[in-house]
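K.L.:
Sequence plus predicted model, see below.
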Amino acid sequence: MNTESSNNISVEQSMDFFKSELFKRVQLSGMFSDSKTFTDAIPKQPLAQILAAYQQTITDSAITDAKDIDDEALARFIDDNFILPTSNEIIIAQPSSNINEQIHALWQGLGKSADTEHNSSLLPLSHPYIVPGGRFREIYYWDSYFTALGLLESNKLELVEAMLANFVDLQTRYGCIPNGNRSYYLSRSQPPILGLMVELILPFKTNKAQFLSHYIQGIETEYNFWMRGQAQISEASPEHGRLVRMPNGSVLNRYWDDSCTPRPESYREDIELVNETNPDNIDDFYRNIRAACESGWDFSSRWLADANDLASIKTTRFIPVDLNCLLYKQECLLAQYYRELGDEALSAQYQDKADARKAAINTYLWSAEQGYFFDYDLDHQTQSSVLSAAGVVPLFVELVTAEQAQKVADVIELRLLKQGGLITTEINSSQQWDAPNGWAPLQWFAYQGLQNYQLTALASTIQQRWLTTVELTFNATGKLMEKYNVCQQQHKAGGGEYDVQEGFGWTNGVYQALAAKK
């Protein structure tokens, strides 16, 4: 890795640049339809020189306010000083009309070699990896588990192991596994799937003990990241970061972000929304927007006080069912893996933690009346009214009884199952993680969760409907998409801050995994 380049940018330099007058001026100019474009640009010379040159331009023009620089001059300055990201389109030299052959080709198009330089916001990775596609030019944390499902079907075990190693490397360097390998993602993570990736690879290893010994510390470090600050919470002060002490004394987790400023990659969008809506507490607004990004569900009515108003976002005021189930799974895996490695004391400790979390999930997130799992609203001290596909994750992590599983299946079939698969929520809003959209990860959670409880008929229905949805779009366009409209399959999915992206890592992976189960 070239660590001697005079133009290498540290995380601190990168984040300071995002606070600069130049960065803000460019983002607010509307020069780029997608704010992420400029955050991913590569400077042609050290940032300090670029910022000095920008200041000199202002001085030479006798301008007192940077906003008065005309857009044409600003565009020339950016072109002179930055290399902008190339086209988002994934180009396949010999595209195939066979979806499986096309996915094999896409793995090549979405693949990245180990990074050799880092003179941008990119956090360099030491091993090869897969990006999702489109505007997502870097590895994404929770995406990678679903991508890995397909990579294994494509006999790319080494690449899955390389991605796992990259995540542990990031964790070692920065103290957490960030949302993605960009400096502007370091204040948050994503749903914890490191243990799931270890579990996925383990059956392929001949020396399982050696493999577990190598990675168990990474799983435990991630668990400690989510549990950070436990000593700071009490009955009098029940919330700290990602932790909340519930009324009965149990502890559950929430999504969070350590920063409460506009997201650099969506700077204009965040500023414009604040200016339009004038929220009561701007810091809380930014933190809640960012926390929703940590959830992976950015954005959804799950996080909104008013389903039609993004400004009402209150992500940190919910205890999410999916996050707590994935942490329960992590506790179970740590208990299992420490037992297999001969550490009975640590195994027992994690089993106790898993048992306590399971009891808390059933106390606060399970609705016996509705037969389903819901997020918990901290402000109203009651369960959320939003029924979402996140409620299938308890089946995926095998937390429920057979009776609960059947009730959840009944609700899925009655309220979430549509012609093309599972909708994300029942609410048809302008947000992409709501109806009428369906997403690959949720189809997988539901399929595998139902299979865990021998509810095979509904699992097979979801499997077949989702495969058909992906195939219909592929046959019509030759593309695999980030998300799909599962209510009107012939219509393109919409909503959110950006156009629907093509590629697409987790769609490819879940398609291959579900097709292999037929």
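P.N.:
Received the coordinates, thanks. Since the model is a prediction, treat every value here as computed from it, not as a measurement.
K.L.:
From here on, just use CA atoms for contacts and neighbour counts.
P.N.:
Noted.
K.L.:
Ends of stretch 447-462, what's the gap?
P.N.:
Across stretch 447-462, the terminal residues are separated by 7 Å (Cα to Cα, to the nearest Å).
K.L.:
what does stretch 309-318 give?
P.N.:
Stretch 309-318 end-to-end distance (Cα to Cα) = 17 Å.
K.L.:
Which residues does it contact?
P.N.:
Here stretch 309-318 makes contact (Cα atoms under 8 Å, 6 or more residues apart in numbering) with 254-256, 273-274, 277, 279, 285, 287-289, 291-292, 302-306, 375-379.
K.L.:
Buried subset of these, written for ChimeraX?
P.N.:
Per 16 or more other Cα atoms under 10 Å, the buried members of the contacts of stretch 309-318 correspond to this ChimeraX selection:
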select :254,255,256,274,285,287,288,289,291,292,302,303,304,305,375,376,377
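K.L.:
Mind checking which of the contacts of stretch 309-318 are in strands?
P.N.:
376, 377 (DSSP state E).
K.L.:
Show me the helices in the stretch 301-450 of the chain, by range?
P.N.:
According to DSSP state H, counting those that start in this stretch, the stretch 301-450 of the chain carries its helices in the segments 321-340, 344-364, 393-396, 402-411, 440-452.
K.L.:
any residues touching the first one, and which ones?
P.N.:
Translated: helix 321-340. With contact meaning Cα under 8 Å, 6+ apart, helix 321-340 is reached by 191-193, 195-196, 209, 212, 216, 219-220, 223, 252-255, 295, 344, 346-351, 353-354, 357-358, 361, 365, 373-376, 390-391, 393-394, 397, 399.
K.L.:
let's see it at 6 Å
P.N.:
Residues from elsewhere that reach helix 321-340 (Cα atoms under 6 Å, 6 or more residues apart in numbering): 195, 347, 350, 351, 354, 375, 390, 393, 394, 397.
K.L.:
With pLDDT and distance to residue 45 added, can I get these in CSV?
P.N.:
Formatted as CSV, these follow (pLDDT from 0 to 100; distance: Cα to Cα, whole Å):
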residue, pLDDT, distance to residue 45
195, 98, 40
347, 98, 52
350, 98, 50
351, 98, 53
354, 98, 51
375, 99, 48
390, 98, 45
393, 99, 47
394, 99, 50
397, 98, 49
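K.L.:
Low-confidence bits of the stretch 1-150 of the chain, can you list those?
P.N.:
1-8, 60-68, 87-88, 117-118 (pLDDT under 70).
K.L.:
try it again with 80
P.N.:
Scanning the stretch 1-150 of the chain for pLDDT under 80 picks out 1-9, 58-69, 87-93, 117-118.
K.L.:
In it, what residue spans correspond to strands?
P.N.:
42-43, 82-83, 111-112, 129-130 (DSSP state E, counting those that start in this stretch).
K.L.:
Nearest to residue 424, out of those?
P.N.:
Closest to residue 424 of the strands of the stretch 1-150 of the chain, according to Cα to Cα: strand 129-130, at 25.1 Å.
K.L.:
partners of that closest one, with directions?
P.N.:
strand 111-112 (antiparallel) (DSSP bridges).
K.L.:
Check the offset of the strand it pairs with from the chain's centre.
P.N.:
Chain-centre distance of strand 111-112: 19 Å, with Cα atoms, centre = their mean, to the nearest Å.
K.L.:
Can you tell me, leaving aside adjacent residues, what's nearest to the residue nearest in space to the middle of the chain?
P.N.:
Nearest residue to the geometric centre of the chain (Cα atoms, centre = their mean): residue 296, 3.5 Å. The shortest distance from residue 296 to any non-neighbouring residue, by Cα to Cα, 6 or more residues apart in numbering, is to residue 190 (6.3 Å).
K.L.:
Check whether that neighbour really touches residue 180, as I assumed.
P.N.:
No: the criterion here is Cα atoms under 6 Å, and residue 190 misses it with residue 180 at 8.6 Å.
K.L.:
picking that back up, now, which of the contacts of helix 321-340 sits nearest residue 9?
P.N.:
Top of the list for closeness to residue 9, among these and by Cα to Cα, is residue 195 at 31.4 Å.
K.L.:
For that closest one, which residues are in contact?
P.N.:
So residue 195 contacts 219, 330 (Cα under 6 Å, 6+ apart).
K.L.:
What separation do you get for residue 78 and residue 119?
P.N.:
Distance, residue 78 to residue 119, by Cα to Cα: 16 Å.
K.L.:
ok, these two, which is more surrounded?
P.N.:
The residue with more neighbours, out of residue 78 and residue 119, is residue 119; 23 against 19, by other Cα atoms under 10 Å.
K.L.:
isn't the more buried one right up against residue 9?
P.N.:
Yes: between residue 119 and residue 9 there is a contact under Cα under 6 Å: 5.0 Å.
K.L.:
So which bits of stretch 26-37 are buried?
P.N.:
Buried residues in stretch 26-37, counting neighbours by 16+ other Cα under 10 Å, are found at 26, 27, 28, 29, 31, 34, 35, 36, 37.
K.L.:
Make TSV out of the helices of the stretch 301-450 of the chain and add mean neighbour count.
P.N.:
Converted to TSV, those look like this (neighbours: other Cα atoms under 10 Å):
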stretch	mean neighbour count
helix 321-340	22
helix 344-364	17
helix 393-396	26
helix 402-411	18
helix 440-452	23
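K.L.:
Nearest to residue 165, out of those helices?
P.N.:
Taking Cα to Cα, helix 321-340 is the member of the helices of the stretch 301-450 of the chain nearest to residue 165, at 17.9 Å.
K.L.:
Return the distance of the closest one from the chain's centre.
P.N.:
19 Å.
K.L.:
Compute the inter-axis angle for that helix and helix 344-364.
P.N.:
With axes from the mean of the first three to the mean of the last three Cα atoms, to 10 degrees as the basis, helix 321-340 and helix 344-364 are set at 160 degrees to each other.
K.L.:
Next, the contact list for residue 419, please.
P.N.:
Shown in contact with residue 419 (Cα under 6 Å, 6+ apart): residue 487.
K.L.:
count of neighbours near residue 83?
P.N.:
Residue neighbour count, defined by other Cα under 10 Å, stands at 15 for residue 83.
K.L.:
One more: residue 309?
P.N.:
14.
K.L.:
quick one: it and residue 370, what's the gap?
P.N.:
Counting by Cα to Cα - residue 309 and residue 370 are separated by 26 Å.
K.L.:
And for residue 360?
P.N.:
Applying Cα to Cα to residue 360 and residue 370 gives a distance of 18 Å.
K.L.:
Just the pLDDT for the residue nearest to the centre of the chain.
P.N.:
Confidence at residue 296, expressed as pLDDT, is 98.
K.L.:
Now the phi/psi pair for it, please.
P.N.:
Per-residue torsions, residue 296: phi 80, psi -20 (degrees, to the nearest 10).
K.L.:
ditto for residue 134
P.N.:
phi 60, psi -130.
K.L.:
That one touches residue 499, doesn't it?
P.N.:
No: the pair residue 134 / residue 499 is not scored as a contact, 9.6 Å apart, by Cα under 6 Å.
K.L.:
Just want to know which of the two has more residues nearby.
P.N.:
Per other Cα under 10 Å, whichever of residue 134 and residue 499 has more neighbours is residue 134, with 19 against 13.
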